[in-house]
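Engineer: just coords:
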């Protein structure tokens, strides 16, 4: 076996980053007579274009069996030198890099000591590389279709971005309409834009543009099964019946007033009635009603067909519509299920669920909406005009007993309410109880500034959640007691209290976490690959994150993350290109595996599955990143880490210890 060694000066002659600190000729003399070493050459800049060409030519001419390159960090140039090996007709995994720049030259002042270290490291590499195997990447056909779960701002943006690139998208949404929370808001901070108006062009593209042919929209649906891996996921979707065809319904609404069944509308806080066949939300898209099977007389076994008889389009209403399971083959999955508001009734001292005029932020949003239960008037349940409104910031947030994190949007929502109250109910006082103020964007501060300098606004700071106490008087008025406020502001009497609750994990996140094997972090949100540099990717290859299911944020951030998640899917799944599977992975010796399953729970990338029948573990190379956790955990030692085998590592250690 002939091993070729290349010592990079990382510069010229004896003035390079390496050659100025290490006596490379002395290193060469110490290595040249080692067993299996065919030659040892010095090069100036192996990573430069000229250096790469010269190295490729030299390798092609001498055809060594193994190669050792002493240069800089493998993180910088290992892939560079592997490509050179391929150019020279050699297997790239028969090469070993030694980092003599960062590990030795840059940290060892004494020339003799640095030279000795370099000789030891290279002697270990020569010993190790003799055990290297000629590995090869595997090529795998992939599906370029993508599943997007959630049709809020992030999911819509992801679906449209993919469709614009010509990809087929399956868009799954559990509600009957698109748009998520924001489509239910009349105003969006900081510019007070209409929520449905802001999202309507995007929703219209999904439903009616040329791109809609690329998007298979599944409303009233949820993901129930995921198998496979990146490039080849098989998923099952459960779709509940709508009983009204979205294809033939013209949205005339004739059927709704004819329905004899009424019940309280959850969207309008139970203060108005809706019919068994009705819109989920007026202004929501698609503009098609649906039938609630829990109250419909016909679906409960009665004999009522009034809505169907009144419909001008025959066949639009179908009482025989059934639940169906839809199967799809996709290459990637984007999770964009959003978040939900924290239940502030858990914060006992704030009175939510106890006093009728204490609202959470969404309930107040609906209360003052023009299409809400009071037609936009700011009045109490008994009809009194609100003269003073208290807004409690951080209700349950920044609290170790509830939500330890900041949700980033609550303060701005409060300032939006300040603006809306001034517009809808001029002269009403607004008292803000705040722990801190968050208004980070280039436009968001103006929203805060408008509220802060309003003649009818007062700001009172509190320190701890326990400082606040909401109580009620016999006349229905409320009192907010703040023990940490100045004496003259410790008690505030008001007609209504709004609690700005933060964002927490969406319902269904736990089940989706189990289905996709994407972990949840300590706050309950989906855990990203890296919280700073890679928030749109999960730790499961091929599963991406978009919007506030990953962490709280506003619409702009959700849209950007939706586009980023789509971009990751597009870059990984290119039409006509096969997926290259890196061979530096773990591998189970099936003949020796006892089926103890120790390896399965320790794999952080969920790359190991248990195969019934042979009752052995099997590594999915498409998911494995070669971290070696399973290799160390296997009690029988039957898992091999390719390119980091026991023989290779032991040989390296033995040479260092000589």
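Structural biologist: Looks like it came in fine. This structure is a prediction, so every number in the text was calculated from the model and none was measured.
Engineer: Please count neighbours and contacts with C-alpha atoms only from this point.
Structural biologist: Fine.
Engineer: pLDDT score assigned to the closest residue to residue 395 other than its chain neighbours?
Structural biologist: Sequence neighbours aside, residue 501 is the residue nearest to residue 395 in space, at 5.0 Å (criterion: Cα to Cα, 6 or more residues apart in numbering). Listed pLDDT for residue 501 reads 94.
Engineer: Assess the claim that residue 501 and residue 364 are in contact.
Structural biologist: No: look at residue 501 against residue 364 with Cα atoms under 8 Å: they stay out of range, at 11.5 Å.
Engineer: More neighbours: the two, which one.
Structural biologist: residue 501 (26 against 21; other Cα atoms under 10 Å).
Engineer: In terms of secondary structure, what does the strand or helix carrying residue 561 contact?
Structural biologist: Per DSSP states H and E: residue 561 is located in helix 555-572. Where contact means 3 or more Cα pairs under 8 Å, 6 or more residues apart in numbering; DSSP states H and E, helix 555-572 is packed against helix 153-164, strand 332-335, strand 534-538, strand 543-545.
Engineer: Looking at the ones you listed, spot the one closest to residue 266.
Structural biologist: helix 153-164 (22.2 Å; Cα to Cα).
Engineer: in that closest one, what's buried?
Structural biologist: Within helix 153-164, the residues scored as buried using 16 or more other Cα atoms under 10 Å are 153, 154, 155, 156, 157, 158, 159, 160, 161, 162, 163.
Engineer: ok, and what's touching that helix?
Structural biologist: When contacts are defined by Cα atoms under 8 Å, 6 or more residues apart in numbering, helix 153-164 is touched by residues 146, 148-150, 168-169, 171, 179-180, 182, 199, 202-203, 205-206, 211, 214-215, 334-337, 546-547, 555, 558-567, 570.
Engineer: ok so, going back, what inclination does the helix holding residue 561 have with respect to strand 534-538?
Structural biologist: 60 degrees (axes from the mean of the first three to the mean of the last three Cα atoms, to 10 degrees).
Engineer: still on that earlier bit, can you select the buried ones from the contacts of helix 153-164 in ChimeraX?
Structural biologist: Buried residues within the contacts of helix 153-164, by 16+ other Cα under 10 Å, are selected in ChimeraX with:
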select :146,148,149,150,168,169,171,179,180,182,199,202,203,206,211,214,215,334,335,336,337,546,547,555,558,559,560,561,562,563,564,565,566,567,570
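Engineer: Identify the residue nearest the geometric centre of the chain.
Structural biologist: residue 545 (2.2 Å; Cα atoms, centre = their mean).
Engineer: OK, contacts around that one?
Structural biologist: Residue 545 neighbours (Cα under 8 Å, 6+ apart): 334, 335, 336, 526, 528, 535, 536, 537, 538, 561, 562, 565.
Engineer: Apply 7 Å and report the result again.
Structural biologist: Contacts for residue 545 were tallied using Cα atoms under 7 Å, 6 or more residues apart in numbering; they are 334, 335, 336, 536, 537, 538, 565.
Engineer: likewise residue 652?
Structural biologist: Per Cα under 7 Å, 6+ apart, neighbours of residue 652: 124, 125, 127, 128.
Engineer: can you rerun that using 10 Å?
Structural biologist: 120, 121, 122, 123, 124, 125, 126, 127, 128, 129, 131, 646 (Cα atoms under 10 Å, 6 or more residues apart in numbering).
Engineer: Quick check: residue 29 touching residue 40?
Structural biologist: Yes: the criterion here is Cα atoms under 10 Å, and residue 29 meets it with residue 40 at 8.7 Å.
Engineer: Now restrict the contacts of residue 652 to buried residues only.
Structural biologist: For the contacts of residue 652, buried by 16+ other Cα under 10 Å: 120, 121, 122, 123, 124, 125, 126, 127, 128, 129, 131.
Engineer: Those in helices, which ones?
Structural biologist: 120, 121, 122, 123, 124, 125, 126, 127, 128, 129 (DSSP state H).
Engineer: Leaving out chain neighbours, which residue sits closest to residue 177?
Structural biologist: residue 285 (5.3 Å).
Engineer: Which of the three states applies to the one you found?
Structural biologist: Under DSSP: H, G, I helix; E, B strand; the rest coil, the three-state class of residue 285 is coil.
Engineer: those strands in the stretch 1-150 of the chain, which residues are they?
Structural biologist: Ranges of strands in the stretch 1-150 of the chain, per DSSP state E, counting those that start in this stretch, are 3-8, 37-43, 66-71, 95-99, 138-140, 146-149.
Engineer: If we go by neighbour counts, what in the first one is buried?
Structural biologist: Burial within strand 3-8, assessed by neighbour count using 16+ other Cα under 10 Å, is assigned to 3, 4, 5, 6, 7, 8.
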